[in-house]
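**Q** Show me the folded form of this:
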Amino acid sequence: AYNHAAGALEMYMISPSFSVTAGQVFSFDACLGNYKPAGGTLTVLISSNLAGTTASDIAAATWDDVTSNFTIPVPTGTYGTLGKVGELLLSKYVGKKINIAFRYNGDGTTGATTTVQVDNVVVAKSSGAYTSTGLLYTYNGTKWVAYTGNSYFLTKSDLATMGSNYDNFSAT
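**A** Next up, the predicted model:
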């Protein structure tokens, strides 16, 4: 049995604000677990006027619902598989400071509480075709800054070379 609070659930996970530059793409991985067809929902939102993180700040902000840009697969069993669910070119927000929010709605009384996992949230530079060109950002505890560590982006040709058995991939 799960220990859920009674009544409606609304929770937010909100990114720190960051300035959007030309060519940036937002993506993330997600997975549904303990799936119930009438279970909780995940909404992906972007605001350019969030003043703070109190409930009244969140309610007062203007939010763009960008959920339709992403597809979280419905699992065939109890739990799905964590994987990339899409990308959103942030061109509408260039020159603005934005916050990205993941909002979960469920209901502990009715049991509408499907688990939603979110991971690998990335804002990266892109060519016009949503292919990373090597600029990543990381949150340093205060603000988003360019990531300067070593990184490698797999391309479509890399994946084709690897074939369908990705488990055999290793760095040398």
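
**Q** Can you measure across stretch 62-79, start residue to end residue?
**A** From its first residue to its last, stretch 62-79 covers 33 Å (Cα to Cα, to the nearest Å).

**Q** Quick one: distance of that stretch to the chain centre.
**A** Distance of stretch 62-79 from its chain centroid, counting by Cα atoms, centre = their mean, to the nearest Å, is 10 Å.

**Q** ditto for stretch 23-37
**A** 6 Å.

**Q** Buried residues, it. List them.
**A** Across stretch 23-37, burial judged by 16 or more other Cβ atoms under 10 Å covers 23-32, 35. All C-beta spots, glycine's among them, are computed from the backbone N, C-alpha and C.

**Q** One more: stretch 88-104?
**A** With burial defined by 16+ other Cβ under 10 Å, the residues of stretch 88-104 counted as buried are 88-90, 93, 98-104.

**Q** what does the average pLDDT come to for that stretch?
**A** Taken as a whole, stretch 88-104 carries a mean pLDDT of 94.

**Q** What's the end-to-end length of it?
**A** 19 Å.

**Q** switch to numbering from 425
**A** Taking 425 as the first residue, the last one we looked at is stretch 512-528.

**Q** Show me where the chain dips below the pLDDT cut-off.
**A** 425-430, 461-463, 535-536, 550-561, 570-596 (pLDDT under 70).

**Q** hey, where'd the helices end up in this structure?
**A** 479-484, 580-586 (DSSP state H).

**Q** Show me how far the shortest one is from its chain's centre.
**A** If you compare the mean C-alpha spot of helix 479-484 with that of the full chain, they lie 21 Å apart, counting by Cα atoms, centre = their mean.
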